[in-house]
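[1] output the structure for:
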Amino acid sequence: MMKNLLFFILALSISGLAISAGSFSTLEERMSGVEFKETGLDKLTGEELAALNEWLRRHSVATLENASASGNATARSNEDTRGFDDLPDDDRNGKNPELINAHIVGTITGWDRKGTLFKLDNGMVWQQSEKDTYYTRQPMKNPEVTIERGFMGIWRLSLVGSDETVRVKRIE
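    Numbers count the residues shown, from 1 in each chain. Coordinates of the predicted model:
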């Protein structure tokens, strides 16, 4: 059932090519009552359904294409897009595209070969992209980090006050 729902949502997102950014239709508007119930969407709370509709609106192919086709970057104006390699530097909200300063949310003890996730207080999520291991002497709570773009667009996360760095890629 969950696979069907995910497939259906993906199909709806792709079908967004026919929908313009200004006339986004919610799932309730796009589906018949029977389809809405068969996919299990009727079991979502109003808040959950609104969040799903908002996600679909933000990630609609048509919405993104219309924003870029019109030269309008305001569709991303509330997001920090640094670290996503598919965006030109001039679409990064005037921020220094080479350097990010933030704090890791929570306590860390280092990183390991499994691709450690780093959730930052600015909402970004980065993942270790090299098979390296480092363990701190003591757990670090909300440590300050810098993430810097280097040669060939490779991003490196550094713990402030330490010489330790790790290659990362932005996933959120």
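
[2] beta-bridge partners for Trp111, please?
    Tyr134 (DSSP bridges).

[3] tell me how many other residues surround it.
    Look at Trp111: counted by other CB atoms under 10 Å, it has 23 neighbours. To be clear about C-beta, it is placed using only N, CA and C from the backbone, and glycine gets the same treatment.

[4] and the one 5 residues further on, by the same measure?
    For Thr116, the number of neighbouring residues by other CB under 10 Å comes to 19.

[5] the nearest residue to it once chain neighbours are set aside and Val166: what is the separation?
    Spatial nearest neighbour of Thr116, chain neighbours left out: Gln128 (4.5 Å); criterion: CB to CB, 6 or more residues apart in numbering. Using CB to CB, to the nearest Å, one gets 5 Å for the distance from Gln128 to Val166.

[6] quick check: neighbours shared by these two?
    Here Gln128 and Val166 have 111, 116, 157 as joint contacts, going by CB atoms under 8 Å, 6 or more residues apart in numbering.

[7] CSV for those, including distance to Arg82 and pLDDT?
    Formatted as CSV, the shared contacts of Gln128 and Val166 follow (distance: CB to CB, whole Å; pLDDT from 0 to 100):
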residue, distance to Arg82, pLDDT
Trp111, 21, 91
Thr116, 20, 90
Leu157, 13, 94
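
[8] what's Leu159 in contact with, if anything?
    Leu159 makes contacts with 136, 140, 143-145, 165, as judged by CB under 8 Å, 6+ apart.

[9] farthest pair in the residues you listed?
    Met140 and Thr165 (14.9 Å; CB to CB).

[10] give me the neighbour count for Glu47.
    Residue crowding around Glu47 was assessed by other CB under 10 Å; the count is 8.
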